[in-house]
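>>> Sequence and predicted structure, then a few things I'm wondering about:
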Amino acid sequence: MASISTLWDSVGNTPLLRIGTLSKRTGNEVLGKAEFMNPGGSIKDRAAKGMIADAEKRGLLKPGATIVEGTAGNTGIGLALLGRERGYRVVVTMPDNQAREKYELLEAMGAEVRKVPVVPFANENHFFHVAKKLSEEHGWFWANQFENPANGEFHAQTTAEEIWAQCDGKLDVLVASCGTGGTLGGVSSALKAKNPKLEVILVDPYGSGLYCHVREGKMETTGGSITEGIGIMRLTENFKRAKIDSAMRVTDQEMIEMLYHLAREDALVVGTSAALNVRAAYEVARARPQQGLRIATFLCDHGSRYASKVFNAEFLASKSLFVRPLP
């Protein structure tokens, strides 16, 4: 019998999709966890739910409270969605270069959006520090998704368990990019505990230092990326629990090729981080053809959230990016 649910209850239990064209091309099974099917449209709904639930349990969030967070958008959307449903006021600080669809969605849900200039993390005006300062000034609950262990722990308890069950315990490779480190930290540590032979590969955009950190032990980078919400230049508490075997980089051009391939050939309209993830998973599958491996990654959010950028010919041209077939 069907049951009536709430938005809160509908977070998680997303499908694990076989990406048909890529699996057929490589002879390996390329799988994507369809996190865009969460109620807020992204994997960050899980982080939001985990952090709110933990704060309520510890008495840090009480009726009528205000939640504040610094975010590239998706965590803010998750907090606005679930926070508003539970009666909280939500304030988000965001860099002012994100896709306009994110700002519009947040404001439509009643969140207060405060845009700040794009500056290095060391700058006190970085969106992370602005959120922290607001929490201190007003006594608001700061979600602190980068350092809050409830983020990664919720992924360990839900996302990892779902993947394990959906794969019947057979998974060879996990490929994932990293923003706060919550997804990669929680999922990799939980799945490695079940299967120590699981290979975990970090995929990083240019402009992020995690690739160099994993490979060389130093936080260095080069270039930049149009991807949103992933790539950092510091080690967060959530990232520190990650169990990673190797790292690879994907260029924006490679990401765009995959983004359009998925939309046109697999009917999967996903965002930039998802396309980056899948491109990396595809490259892993190509490098080990016809082995029957099972390679999983995350379809972090829906591409409609980026339509004004990645599906805009003028924007792509301004970044010297081209829509062309996958190799």
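Received it, and whenever you're ready, just let me know what you need. Because the structure is predicted, anything quoted here is derived from the model rather than measured.

>>> starting at the chain centroid, how far to stretch 176-186?
The chain centre lies 7 Å from the centre of stretch 176-186; the measure is C-alpha atoms, centre = their mean, to the nearest Å.

>>> go on, stretch 8-21?
14 Å.

>>> which parts of that stretch are buried?
11-12, 14, 16-17, 19, 21 (16 or more other C-beta atoms under 10 Å). Quick note: C-beta positions are derived from backbone N, CA and C, even for glycine.

>>> now do stretch 137-154
Within stretch 137-154, the residues that qualify as buried are 140-154, counting by 16+ other C-beta under 10 Å.

>>> Stretch 238-252 now?
Within stretch 238-252, the residues that count as buried by 16+ other C-beta under 10 Å are 238-239, 241-244, 247-250, 252.

>>> What is the most widely separated pair among those?
Greatest spacing in the buried residues of stretch 238-252, by C-beta to C-beta: 241 and 252 (28.8 Å).

>>> follow-up on the earlier one: could you list which of the buried residues of stretch 137-154 belong to strands?
The subset of the buried residues of stretch 137-154 located in strands under the criterion DSSP state E comprises 141-142.

>>> closest to residue 286 among the buried residues of stretch 137-154?
Of all the buried residues of stretch 137-154, residue 286 sits closest to residue 152, with 30.3 Å by C-beta to C-beta.

>>> Of the buried residues of stretch 8-21, which belong to helices?
Of those, the ones assigned to helices by DSSP state H are residue 21.

>>> that older thread, between the buried residues of stretch 137-154, which sits nearest residue 112?
Set against residue 112, the nearest of the buried residues of stretch 137-154 by C-beta to C-beta is residue 140 (10.9 Å).

>>> contacting residues for the closest one?
Residues near residue 140 by C-beta atoms under 8 Å, 6 or more residues apart in numbering: 65-68, 91, 134.

>>> try it again with 6 Å
66, 68 (C-beta atoms under 6 Å, 6 or more residues apart in numbering).

>>> measure it to residue 147 for me?
16 Å (C-beta to C-beta, to the nearest Å).

>>> now do residue 238
Separation of residue 238 from residue 147 (C-beta to C-beta) stands at 7 Å.

>>> which stretches of the stretch 101-250 of the chain form helices?
Here the stretch 101-250 of the chain has its helices, by DSSP state H, counting those that start in this stretch, at 127-138, 149-157, 159-166, 182-194, 210-216, 237-240.

>>> now for the fifth one, which elements pack on it?
Using 3 or more C-beta pairs under 6 Å, 6 or more residues apart in numbering; DSSP states H and E as the contact test, the elements touching helix 210-216 are strand 199-205, strand 246-250.

>>> ditto for the second one
With contacts defined as 3+ C-beta pairs under 6 Å, 6+ apart, the secondary structure elements packing on helix 149-157 are helix 44-57, helix 182-194.

>>> let's see it at 8 Å
Packing contacts for helix 149-157, counted by 3 or more C-beta pairs under 8 Å, 6 or more residues apart in numbering; DSSP states H and E, involve helix 44-57, helix 182-194, helix 237-240.

>>> Check the third one too.
Contact partners of helix 159-166 among helices and strands, from 3+ C-beta pairs under 8 Å, 6+ apart: strand 16-18, strand 29-34, helix 182-194.

>>> Serialize these to TSV and add fields for distance to residue 226 and mean pLDDT.
What follows is the helices and strands packed on helix 159-166, written out as TSV (distance: least, C-beta to C-beta, whole Å; pLDDT from 0 to 100):
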stretch	distance to residue 226	mean pLDDT
strand 16-18	25	98
strand 29-34	21	98
helix 182-194	20	98
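
>>> Tell me which of those lies nearest to residue 52.
Proximity to residue 52 (C-beta to C-beta) singles out helix 182-194 among these, at 13.8 Å.

>>> Return the per-residue confidence for residue 2.
Here the pLDDT value assigned to residue 2 is 64.

>>> my bad, should have said residue 73
85.

>>> can you count the residues close to it?
Neighbours of residue 73 under the rule other C-beta atoms under 10 Å: 25.

>>> Give the closest residue to it in space, chain neighbours not counted.
Excluding the flanking residues, the one nearest residue 73 by C-beta to C-beta, 6 or more residues apart in numbering is residue 102, at 3.4 Å.

>>> what do you get for residue 164?
residue 194 (6.0 Å).

>>> how many other residues sit next to that neighbour?
Residue 194 is flanked by 13 other residues according to other C-beta under 10 Å.

>>> And for residue 48?
With neighbours defined by other C-beta under 10 Å, the count for residue 48 comes to 31.

>>> Return the residues in contact with it.
Contacts for residue 48 were tallied using C-beta under 8 Å, 6+ apart; they are 11, 40, 75, 78-79, 81-83, 143.

>>> Quick one: the residues you listed as JSON lines, columns for distance to residue 313 and secondary structure too.
What follows is the contacts of residue 48, written out as JSON lines (distance: C-beta to C-beta, whole Å; DSSP: H, G, I helix; E, B strand; the rest coil):
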{"residue": "11", "distance to residue 313": "35", "secondary structure": "coil"}
{"residue": "40", "distance to residue 313": "28", "secondary structure": "coil"}
{"residue": "75", "distance to residue 313": "30", "secondary structure": "helix"}
{"residue": "78", "distance to residue 313": "31", "secondary structure": "helix"}
{"residue": "79", "distance to residue 313": "33", "secondary structure": "helix"}
{"residue": "81", "distance to residue 313": "31", "secondary structure": "helix"}
{"residue": "82", "distance to residue 313": "36", "secondary structure": "helix"}
{"residue": "83", "distance to residue 313": "37", "secondary structure": "helix"}
{"residue": "143", "distance to residue 313": "37", "secondary structure": "coil"}
